[in-house]
Every structure is written in C-alpha cells, then in structure tokens.
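Asks: Predicted structure and sequence below. I'll ask about it afterward.
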Amino acid sequence: QKVDLLLISPKESAGLTGVTLKAIDAGIPVIILDRNVDTDKYTQFIGGDNVAIGHAAGDYAVKLLGGSGAAKGNVVEVWGGMGTQPAHDRHDGFHAVADKEPGIKYLLDRQDGDWKQQKGYDIMATALKSHDKIDLVYGHNDPMAYGAYLAAKDAGRNKEMKFLGVDGLPDEGVTWVKNGELTATFLYPTPGAEGIRQGLKLLKDEKVEKKITLATMTIDRNNAGEILKQNGLL
C-alpha cells in the first residue's frame, strides 16, 4: 500500500518482531513506541525507562520510611503482569535502591496483579488479613496501587500506610495523588506525540536518533494540582 512510515506499539515484543523486519526489508522506516521488539533492525525506539522509574520509586520509598541508612518498614509490592518486561524493570529498579536498607522487609511472595485495579484490591485484602503492620505499598501501576488503597480503606487501615503507583496519567494517578489516596506516582511518559514529531522529521529526510528515552517525573502533593490544571482537570 506504499506506506511511507510505520509507527507500532507492541503489546509483546516477539509478536511484532517479524512484522518490523518485513517492513525494514521493504524500505519502510519503523518507529517503535513504548515496548521494543526482539531485533535491532528498526529505525527508532521511543519510550520511558522503567528501571529508572522503579529507581525513583525506590528512592521515594526509602525517604518515606526514614531515609538512607535508617529506613525501616514492612512493604507490600503488587506486581504488574509477570510475563511483561515493564513489571520486571519496575521491580528491579525499585529493589536496586530499597534492598540496600536492611530495615525494609517485604511481606509477600511475587503477586501478579496483571495491571488491574481489582487484582490489586484482592492481593492487598489478603495481605491485610495476614499482616498487622504494613507501612508502604508499591504498585507497578496506579490502578493496582489504588485498588490496594481501597482494600486498606475498606479495612479501616488506609491511614497507617503510604501508597506508591506508576504511570502518572492525569485522570488516574495524578487525581488519586491530589485526592490524598496515593502518596505519589511516577510518570511513565507516553511516547505517541514524540513519535509523530520524529516521524515528520523522517518524512523530511532528516536524521533521527536510534533511541529516545523519555524522562520520568515524581508526582506528589507538591505538584499534582499544577499538573491537573495544565491538563484542564482542575
């Protein structure tokens, strides 16, 4: 169909690897958004760095729990889909920081929340029955962290703990932070707009970088309101 440029956003890396190779072989530039494919034969990748995001969440958790060298507390981690790279990256980044603190204890084995709010609720409800003291919950995305918050609220225990999520979408995580339901969220920057900008450069025969990593941002009560205003939600 004489396509000049292809932008794709894989749900899983392997599934679109063959398609990418076919397009490149046909001389069509391919920009990969968000999750990469299992080949380096593409024109450009644009996405966030989930390890860096996990790292930012780990830093914030350590501060909440008493600071570097003194942090202590019981932590519940709610995983995203176990079969997805972002969940592993968000876990690894968090633990690279938090595991340096011997006073931080993890209360659950790996619990797959499948990125869903209801599963976050169910995992947290079980944790609440088993543990009398929970200081912090780290959800790999905002809906799961919010589900955990709702479970704690229903048990009358939400005030005794902090809740951290990831993604920072204005109508989800940022709103929940502004409402005081989540303590903080960490932006996973969506790459669509940058993909269009870079695609237009390619169509003008301009050179583009092989990889663009979009920066994260910590969103807490200090800046949540401003972000909602910028997005017309306040």
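Replies: Great, that's in hand. Numbers count the residues shown, from 1 in each chain.

Asks: CA only for contacts and neighbour counts going forward, please
Replies: Noted.

Asks: in stretch 28-47, what counts as buried?
Replies: Going by neighbour count (16 or more other Cα atoms under 10 Å), the buried part of stretch 28-47 is 28-37, 42-47.

Asks: Could you do stretch 67-75 as well?
Replies: Applying a neighbour-count criterion of 16+ other Cα under 10 Å, one finds 68, 71-75 buried in stretch 67-75.

Asks: mind giving me a markdown table with the residues you listed and columns for pLDDT?
Replies: Shown next, in a markdown table, are the buried residues of stretch 67-75 (pLDDT from 0 to 100):
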| residue | pLDDT |
| --- | --- |
| 68 | 97 |
| 71 | 98 |
| 72 | 98 |
| 73 | 98 |
| 74 | 98 |
| 75 | 98 |
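
Asks: Mind checking which of those land in strands?
Replies: The strands, defined by DSSP state E, take in 72-75 from those.

Asks: Just the closest of those residues to residue 231, please.
Replies: When these are compared for distance to residue 231 (Cα to Cα), residue 75 wins out at 32.3 Å.

Asks: Tell me which residues touch that closest one, please.
Replies: 104-107, 134-138 (Cα atoms under 8 Å, 6 or more residues apart in numbering).

Asks: any idea which of the residues you listed has the most stuff around it?
Replies: Counting neighbours by other Cα atoms under 10 Å, residue 138 comes out on top of the contacts of residue 75 with 28 neighbours.

Asks: give me every residue that touches that residue.
Replies: 75-78, 145, 163-165.

Asks: from these, which single one is nearest residue 51?
Replies: Nearest member of the contacts of residue 138 to residue 51, counting by Cα to Cα, is residue 165, at 14.2 Å.

Asks: For my notes, confirm residue 138 occurs in a strand.
Replies: Yes. Residue 138: assigned to a strand according to DSSP: H, G, I helix; E, B strand; the rest coil.

Asks: and it, bridged to which residues?
Replies: Beta-bridge partners recorded for residue 138 (DSSP bridges): residue 77, residue 164.

Asks: The residue sitting nearest the centre point of the chain: helix or strand, and which one exactly?
Replies: Taking Cα atoms, centre = their mean, the centroid of the chain lies closest to residue 166, which sits 4.0 Å from it. Residue 166 belongs to strand 162-167 when assigned by DSSP states H and E.

Asks: Can you list the low-confidence ranges for this protein?
Replies: Low-confidence segments of the chain (pLDDT under 70): none present.

Asks: For it, just list every one of the helices.
Replies: Secondary structure of the chain (DSSP state H): helices located at 17-25, 50-64, 85-98, 117-130, 142-154, 175-178, 192-203, 224-230.

Asks: Of these, which is nearest residue 11?
Replies: Distance to residue 11, taken as Cα to Cα, is lowest for helix 85-98 among the helices of the chain, at 10.5 Å.

Asks: need the contact list for the residue lying closest to residue 210 once chain neighbours are set aside.
Replies: Leaving aside its sequence neighbours, residue 210 sits nearest to residue 44 (Cα to Cα, 6 or more residues apart in numbering; 4.5 Å). Residues near residue 44 by Cα under 8 Å, 6+ apart: 30-32, 208-212.

Asks: Tell me the bridge partners for residue 44.
Replies: Assigned bridge partners for residue 44, using DSSP bridges, are residue 31.
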